[in-house]
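A.B. asks: Sequence first, predicted coordinates after that:
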Amino acid sequence: MLKVKNINTYYGQVHALKNVSLHLSEGEIVTLIGANGAGKTTILNSLSAIIPPRSGEILFDGVAINNLSPDKIVEMGISQVPEGRQVFKPLTVEENLELGAYLRYRKREGRGTIKKELESVYALFPVLLERRKQMAGTLSGGEQQMLAIGRALMAKPRLLLLDEPSMGLAPLVVQEIFAVIENLRKEKKSTVLLVEQNAKVALKVADRGYVLETGKVILEGISSELLENKEVQRAYLGKEKKEIWER
Amino acid sequence: MDIWDSTHECMPREELEQLQLERLQATLNRVYKNVTCYRKKFNELEIVPEDIQSLNDLTKLPFTTKEDLRLNYPYGMFAVPLREVVRIHSSSGTTGKPTVVGYTRNDLKTWSNLVARFMTAVGVTHDDVVQIAFGYGMFTGAFGLHYGAETIGASVIPMGSGNTEKQIIIMQDYKTTVLVGTPSYALTIVDKMEKMGVDPKGLSLKVGLFGGEPWSEAMRREIESRLFISATDNYGLSEIIGPGVAGDCHHKSGMHIFEDAFLPEIIDPDTGAVLPTGSIGELVLTTLTKEALPMIRYRTRDITSLDYTPCVCGRTLVRMKKTMGRSDDMLIIRGINVFPSQIEEVLFSIENCEPHYQLVVSREGAMDVLEVCIEVTENIFFDEMKMQRAFLEKVEKRIESVLGVGVTVRLVEPNSIPRHEGKAERVIDKRKI
């Protein structure tokens, strides 16, 4: 579904992504893990054209999308749940969700179909149904995360980009959120690209993963292999104890 | 269909190439970071991993040879700390020191699954009884096949090498269905069966997985007609992983290389240039998933050619022909790698003399015989037969402990070994493989 070849993304002079290549097949949950500043969010932003790559190729279902504008990318079926949730705080829960379907309104899709979408999101997240008339800013962290995911789902995406859903959330809430992500695969057969700093929890839910270190992919593999691989730890923590004979 | 991992074995070429590119880039980033030898090589050529943007860019990368492994003996080329290496194997080096290879837990899983692939491809299942007639120890052959067979769920008999009579009795009594070993040992076994009056047709054997040395189609036919089994080929080398690089499918028309794990190239052994598709040349392999000891463009010194046309079996993986020789002077004696330079080192370490020597390799029955002929000089000539015999035995023992295989040492008359300008003809190989 998604093929990325050698993208290089810069923040001004800073070379944030170096020759990153990855791919996703339909129905997969793939995770990008790595330390702070490794470039994970940059990859998502490059896919969404918020920070377009300077070189390289991004192919979505065989179509090159690296030169498209962000709204075109949403139109093609890629939705991003941004880091830090970023719900529209003064608007109600329901208004936030309706805004997620904005492009579909623009395309004159019937209100009926969009209402059905709303109902399916409420079915996934019953707590949002409870609080539908509340202002989004008054929700707890975990609830806001669910709202942000729900909002992205309203666009009926084929590929969901999830940026650090566990950030700032209590461990029990993180478990809840990840149960939701698992559910997404089961119920909606969604394809998900998940960026996470919490490698363990991400690898438990994902099929495959890519490990990033200072802008480069250093490891690719199925989750069980990555869980076993100490290179993942090294990517987060840097150097480690010397060998016994080197001390 | 007998396919262990259809996702990877039958992957459409475009998807496979994307996967190869990702794995290659990740491997290059890791070795550049963790392996001093590779960082130096890259810096000398003024390249960085980012310069590799497509599979064609592979040609920008330097080769790795056995010499690199020797210079970094034992663990210098490992890309992970030793505490993560859970298995160590070794293989013959060009001189005294062997080549040391290592595996992480993931590497062992990968290895087992690769072997499971080619075993499944020729029909081995969990109902089979697999007799492993490779020597267990530092060599990768026995353990590789053992863990692969176990992964499939077959019943594994870790027989080890030698004791042919016992091998045959076990085959009869334990109802072995799959024989694993060198092809020449298979012929040794059937020769012995004939002597013992055992009828091969009465055995439960149905397929043989043979490797560890080059063997011809003629030899395959001989094994098949005398043992009444399907004789299949598989290829591998310790430096890359051991057995599990490539293997026959039912059609036996070339061994499928597991390209999601290894990137093959064919080069001209003299110039190092990559040759066009279909050419015969030296096989070069780059590992894509190895953790403990990744290899970038390792020169195998094996001569073969690659066939990218689709195979009837449905696998999309490229096929390599049976290896047809080497681009160096390495010999394979009864499945064991032998470098003439190893023998030379032993001879020169004895008695302060530098004898003129010649190696004569022949095949007696099915087994290889290596004879070391040394010209008599003052220092190594003894009046008494007893002392002469003792000297020869000492040399034989020393050579055997270095090589891991027995040889016979014979004294010949002075000046009976022809001298040439420059390189002497050190090896006479009378075998017709």
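C.D. replies: Received, thanks. Numbering: from 1, shown residues only, chains lettered A, B, ... in the order given.
A.B. asks: ranges for the helices of chain B?
C.D. replies: B:6-9, B:13-34, B:36-44, B:66-71, B:105-121, B:140-152, B:164-173, B:183-196, B:217-227, B:340-348, B:385-403 (DSSP state H).
A.B. asks: want to try CSV for these, with mean neighbour count and distance to chain A as columns?
C.D. replies: For every residue, glycine as well, the C-beta is placed using N, CA and C. Formatted as CSV, these follow (neighbours: other C-beta atoms under 10 Å in any protein chain shown; distance: least, C-beta to the nearest C-beta, whole Å):
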stretch, mean neighbour count, distance to chain A
helix B:6-9, 16, 10
helix B:13-34, 21, 5
helix B:36-44, 15, 13
helix B:66-71, 18, 19
helix B:105-121, 23, 5
helix B:140-152, 24, 15
helix B:164-173, 16, 36
helix B:183-196, 20, 34
helix B:217-227, 16, 36
helix B:340-348, 18, 27
helix B:385-403, 14, 26
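A.B. asks: between these, which gets nearest to residue A:133?
C.D. replies: Counting by C-beta to C-beta, residue A:133 lies closest to helix B:13-34 out of the helices of chain B; the figure is 46.8 Å.
A.B. asks: Which of the helices of chain B comes out lowest on mean pLDDT?
C.D. replies: Of all those, helix B:340-348 carries the lowest average pLDDT, namely a mean of 83.
A.B. asks: Report all helices and strands that that helix contacts.
C.D. replies: strand B:357-364, strand B:367-375, helix B:385-403 (3 or more C-beta pairs under 8 Å, 6 or more residues apart in numbering or on different chains; DSSP states H and E).
A.B. asks: got the contact list for residue B:335?
C.D. replies: Applying C-beta atoms under 8 Å, 6 or more residues apart in numbering or on different chains, one finds that residue B:335 lies in contact with B:134-135, B:141, B:161, B:181-182, B:184-185, B:212-213.
A.B. asks: Residue A:213 too?
C.D. replies: So residue A:213 contacts A:34-35, A:38, A:235, B:29, B:33 (C-beta under 8 Å, 6+ apart).
A.B. asks: Would you tell me which one of the residues you listed comes nearest to residue B:269?
C.D. replies: For these, the nearest to residue B:269 is residue B:29 (29.4 Å; C-beta to C-beta).
A.B. asks: That closest one reaches residue A:217, doesn't it?
C.D. replies: Yes: using C-beta atoms under 8 Å, residue B:29 is in contact with residue A:217, at 6.6 Å.
A.B. asks: now the helices and strands packed on helix B:340-348 in JSON lines, with distance to residue B:128?
C.D. replies: JSON lines is the format used below for the helices and strands packed on helix B:340-348 (distance: least, C-beta to C-beta, whole Å):
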{"stretch": "strand B:357-364", "distance to residue B:128": "30"}
{"stretch": "strand B:367-375", "distance to residue B:128": "27"}
{"stretch": "helix B:385-403", "distance to residue B:128": "33"}
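A.B. asks: With respect to residue A:229, which of the ones you listed lies nearest?
C.D. replies: Of the helices and strands packed on helix B:340-348, nearest to residue A:229 by C-beta to C-beta is helix B:385-403, at 36.7 Å.
A.B. asks: Using PDB, write out every CA atom in the closest one.
C.D. replies: Only the C-alpha atoms of helix B:385-403 are listed here, as PDB (Å, rounded to 0.1, in the frame of the first residue of the first chain):
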ATOM      1  CA  MET B 385      63.000 -46.800   9.200                       C
ATOM      2  CA  LYS B 386      61.500 -46.500  12.700                       C
ATOM      3  CA  MET B 387      62.600 -42.900  13.000                       C
ATOM      4  CA  GLN B 388      61.400 -42.100   9.500                       C
ATOM      5  CA  ARG B 389      58.000 -43.600  10.300                       C
ATOM      6  CA  ALA B 390      57.800 -41.600  13.500                       C
ATOM      7  CA  PHE B 391      58.600 -38.400  11.700                       C
ATOM      8  CA  LEU B 392      56.000 -38.900   9.100                       C
ATOM      9  CA  GLU B 393      53.400 -39.700  11.700                       C
ATOM     10  CA  LYS B 394      54.300 -36.600  13.600                       C
ATOM     11  CA  VAL B 395      53.800 -34.500  10.500                       C
ATOM     12  CA  GLU B 396      50.500 -36.200   9.700                       C
ATOM     13  CA  LYS B 397      49.200 -35.700  13.200                       C
ATOM     14  CA  ARG B 398      50.200 -32.000  13.200                       C
ATOM     15  CA  ILE B 399      48.500 -31.400   9.800                       C
ATOM     16  CA  GLU B 400      45.400 -33.200  10.900                       C
ATOM     17  CA  SER B 401      45.100 -31.200  14.100                       C
ATOM     18  CA  VAL B 402      45.300 -28.000  12.000                       C
ATOM     19  CA  LEU B 403      43.000 -29.000   9.200                       C
END
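A.B. asks: That helix packs against which elements?
C.D. replies: helix B:340-348, strand B:367-375, strand B:408-412.
A.B. asks: got the contacts of residue B:335 as JSON lines, with distance to residue A:176 columns?
C.D. replies: Converted to JSON lines, the contacts of residue B:335 look like this (distance: C-beta to C-beta, whole Å):
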{"residue": "B:134", "distance to residue A:176": "53"}
{"residue": "B:135", "distance to residue A:176": "56"}
{"residue": "B:141", "distance to residue A:176": "51"}
{"residue": "B:161", "distance to residue A:176": "58"}
{"residue": "B:181", "distance to residue A:176": "56"}
{"residue": "B:182", "distance to residue A:176": "58"}
{"residue": "B:184", "distance to residue A:176": "64"}
{"residue": "B:185", "distance to residue A:176": "61"}
{"residue": "B:212", "distance to residue A:176": "55"}
{"residue": "B:213", "distance to residue A:176": "59"}
